[in-house]
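J.: what's the 3D shape of this:
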Amino acid sequence: MSRTAARTVGMSACATLRAGALAIALLLLPRATFGQRPDTVRAPVGDTTKAVRLGGIRVTGTRLSGGADERSAARVDVLSIRTPPPEPSAVASILVHQPGVTAFDDQGTRLQPTLDVRGFTASPVVGSAQGVSVFLDGVRVNEADAQELNFDLLPIDAIDRAELIRGPATLFGKNSLAGALMLSTDRGNRAPRFDASTEVGPYGYRAGHVIAAGASRGVDGYVLARASNEDGYREHTGARTRMLFGTVGHRGSESDAAISVLLAHNRLLQAGSLPESWLAADRRANYTEGDFFEPDLLAVTARGNRRLLETDVRGTLFVRRNNSEQFNVNVDNPSARALIGNRSYGGTAELSYLVRSGPLALTTTLGGELARSSVRYRIFQEPSGGAPIDVDCEPTTGLCEHASVEETDAAAFAQLALEAGDRLSVTASARGDAVRLPFRDLREPANDATNTFRRISPRLGVTYRFAEGISAYGSVGSGFRAPAPLELACADAEAPCPLPFALGEDPPLAPVTVWNYEAGLAWRPRAPLQLELTAFRSQVRDEIVFVSSQSAAGYFQNLPRTRRDGIELSGEAALPLGVRVFGSYSFIDATYQSDVQLASAIPDAAPVRPGDRFSLSPRHRGTAGIGLTRVLRAFSVDGELSARAVSSQFLRGDEANRYAPLPAYSAVDLRVGVEHESISATLHVTNLLDSRYVTFGVYGLNPLGPIGGPAPVTPPLERFLTPSYPRAVTVVLKAAL
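T.: Below is the predicted model of the structure:
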């Protein structure tokens, strides 16, 4: 970056941070007196607090505007979180019931699933190329080191609203290739609230939470404490989670501001996948006992909005620290321990201005964002079996890598939303990003390198309402993802990394860009019935993938061209007697569009050709279910029986699609709840039919040989598979005061 460009980005970043601080400060000012204008009143059902008056401006689809509505030229799925599954990673469990979303488990713990969304990835696994952004109260929670997502660190019990916005969400910034998941937390109301729950399930699962909330004289408070323990289905896969979340806010007639604090400390034991020969003998076995992941999170967020004359001002400021330890046991290589410190802070500011002229209404939104991330890596090796540590590691401590990255992300964005009467809406937006990633090797300064990426991402969308309940939309937009620090530091085919345990100055990676073309039709002829159809094509350049060259090592590289084509269909209907039915089907074809030789554990693996399908991304995905809600005297009964089915998918390492895929599978879940006044009991049964299937597969060498047998002289090539979780019955008891 030139000095002039660096000075420009620095000035823009400082201005953005000042704007974010000003936005927060403005929210705390006393109410001013403004001229008369049309207002709307919005308050939660059953809330007895004074309603917050919102201005006539209604902006949808921006980072801080509070969600999207029917005018957004995108598919928006509002997630049902009224009765979340009883597990710390419940957000992922809810998402897999949405069209176009599936999950697989390569870590061997149900708390760390990887999601496939329209052929892109949202995963807690370092090394997975991330394609979905996740925001909690307007703040990105993808980790700074590899943009991974830790589902177990999301406060599911405190989430009030969740939306999955599909397609490249231009205003949401990097990683939003397949979309963005927006999570908003609950607040206290004037009516005091105290909830307590306990959960009991198989394999030693026990959990509970306490929620206390209330409001007085415009000041509201909310506190959640949650804890869980489990022994795990497979050997040595216990998990312990601890979380504390709290919010203090102030609501006024023209403003709303809040400060939230999230603390979490978890320890998750991981079993990984099993050689197929082991899986046939014992589904509960653990191939490398001792793997674990232990994050320690502190996050503070200040957010709010305020009406100033004819302008809405919104802002967030955040500080986030996540120190994690990851330990990987290797069979024929030294075991590895990574201590990674993620620290980030920054802010986002938006303002929207509405102009009306007859039937026309134009809303202009301008905004800026600045984030600074400091990542520290310390990578150690420990002898494993007969494998000593590498000679270039410190012999006394085993320290092999000591590096840091000080990342700066600066962005400016704008959106114009034009409404022509009640039928036509046109939205045009653009975002400019500047990302600077200086890598510093604290052991070998000769490896130091700095990478800078810049990108302008535009988007145009049109929505037309033909009649009451019938609307269609079309959009074209671009998305952008800069390489994560760990991807840049592990991109050399001649020096594969046992991620995240080998870093250095490697060949540069290009940023990922995507152009998405999408059209949708929604039919809501009456309130109990809803149908939605979406078709899209995402053309991707320079996709970053992690390819395995050994059983426990690999590297990142760019793929010239890839593509996702898809159709998503969903519907729901309310029937008499409190019955409801719902279902969805999606066809997702994620394919390579270039000739490329990807590394694989398979000897002489065939090169990838245009049209070959991505591994672990099934073409066909479907869900169906029926629910019932009835009031029987003083009792409220609610139940739901749901099923999901997934077609076959190729294993990782077989990107050329030359070998047999993982077979298709299906799973059925059941939930039945009974509520009486302030007490409720819910029965959750996952995998009701106790189906046996696998969701993850990769080719690798098995140096241990058959389970319980002698180690072979030449390790055989096997399919490593992760078994499904068996039928699990969990009971949840809740009491509200």
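J.: Asp595 and Pro610 touch, don't they?
T.: Yes - if you go by CB atoms under 8 Å, Asp595 and Pro610 touch, sitting 7.0 Å apart. For glycine as for every other residue, the C-beta is placed from the backbone atoms N, C-alpha and C.
J.: would you check how far apart the residue lying closest to Glu518 once chain neighbours are set aside and Leu136 are?
T.: Distance criterion CB to CB, 6 or more residues apart in numbering; nearest residue to Glu518, sequence neighbours excluded, is Phe536 at 4.1 Å. According to CB to CB, to the nearest Å, Phe536 and Leu136 sit 26 Å apart.
J.: same question, Ala299
T.: On the measure of CB to CB, Ala299 and Leu136 end up 8 Å apart.
J.: pull out the buried positions in stretch 183-194.
T.: If you call a residue buried by 16 or more other CB atoms under 10 Å, then stretch 183-194 has these buried ones: Leu183, Ser184, Thr185, Asp186, Arg187, Gly188, Asn189.
J.: one step back: overlap in contacts of Ala299 and Leu136?
T.: Common neighbours of Ala299 and Leu136, counting by CB atoms under 8 Å, 6 or more residues apart in numbering, are Leu262.
J.: the buried residues of stretch 183-194 in helices, which ones?
T.: Judged by DSSP state H, helices contain none of these.
J.: would JSON lines of those residues with distance to Val200 and pLDDT be doable?
T.: Below are these laid out as JSON lines (distance: CB to CB, whole Å; pLDDT from 0 to 100):
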{"residue": "Leu183", "distance to Val200": "27", "pLDDT": "93"}
{"residue": "Ser184", "distance to Val200": "30", "pLDDT": "93"}
{"residue": "Thr185", "distance to Val200": "26", "pLDDT": "95"}
{"residue": "Asp186", "distance to Val200": "25", "pLDDT": "94"}
{"residue": "Arg187", "distance to Val200": "30", "pLDDT": "95"}
{"residue": "Gly188", "distance to Val200": "29", "pLDDT": "94"}
{"residue": "Asn189", "distance to Val200": "30", "pLDDT": "90"}
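J.: of the residues you listed, which belong to strands?
T.: Using DSSP state E, the members of the buried residues of stretch 183-194 that fall in strands are Leu183, Ser184, Thr185.
J.: closest one of those to Ala519?
T.: The nearest member of those to Ala519, counting by CB to CB, is Leu183 at 27.4 Å.
J.: so that closest one sits against Ile159, correct?
T.: Yes - counting by CB under 8 Å, Leu183 does reach Ile159; the two are 5.3 Å apart.
J.: need the three-state assignment for Arg356.
T.: strand (DSSP: H, G, I helix; E, B strand; the rest coil).
J.: and for the closest residue to it other than its chain neighbours, the neighbour number?
T.: Using CB to CB, 6+ apart and skipping residues adjacent in sequence, the residue nearest Arg356 is Leu362, 7.9 Å away. Neighbour count for Leu362, taken as other CB atoms under 10 Å: 15.
J.: ok, Leu362 - contacts?
T.: By CB under 8 Å, 6+ apart, the contact set of Leu362 is Leu354, Val355, Arg356, Leu416, Ala417, Leu418, Glu419.
J.: ok, now how distant is the residue nearest to the spatial centre of the chain from Gln147?
T.: In the chain, the C-alpha closest to the average C-alpha coordinate belongs to Val134, at a distance of 4.5 Å (CA atoms, centre = their mean). Between Val134 and Gln147 the computed distance is 10 Å (CB to CB).
J.: cool, Arg234 as well?
T.: 28 Å.
J.: who has more neighbours out of those two?
T.: Gln147 (26 against 23).
J.: okay if I get the buried residues of stretch 183-194 as TSV plus distance to Gly708?
T.: Below are these laid out as TSV (distance: CB to CB, whole Å):
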residue	distance to Gly708
Leu183	46
Ser184	51
Thr185	49
Asp186	51
Arg187	56
Gly188	57
Asn189	59
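J.: tell me the one of those residues nearest Ser335?
T.: Leu183 (35.6 Å).
J.: poorly predicted segments of the stretch 401-550 of the chain, please.
T.: Residues of the stretch 401-550 of the chain meeting the criterion pLDDT under 70: 491-507, 527, 547-550.
J.: same check, this time on the stretch 201-350 of the chain
T.: In the stretch 201-350 of the chain (pLDDT under 70), no residue qualifies.
J.: what do you get if the cut-off is 80, keeping everything else the same?
T.: 332 (pLDDT under 80).
J.: which stretches in it count as helices?
T.: 276-281 (DSSP state H, counting those that start in this stretch).
J.: what ranges do the strands span in it?
T.: For the stretch 201-350 of the chain, the strands defined by DSSP state E, counting those that start in this stretch cover 206-216, 219-230, 239-251, 255-269, 274-275, 292-308, 311-328, 335-357.
J.: centre of the chain versus the last one, how much separation?
T.: Strand 335-357 sits 14 Å away from the centroid of its parent chain (CA atoms, centre = their mean, to the nearest Å).
J.: fine by me, thanks again.
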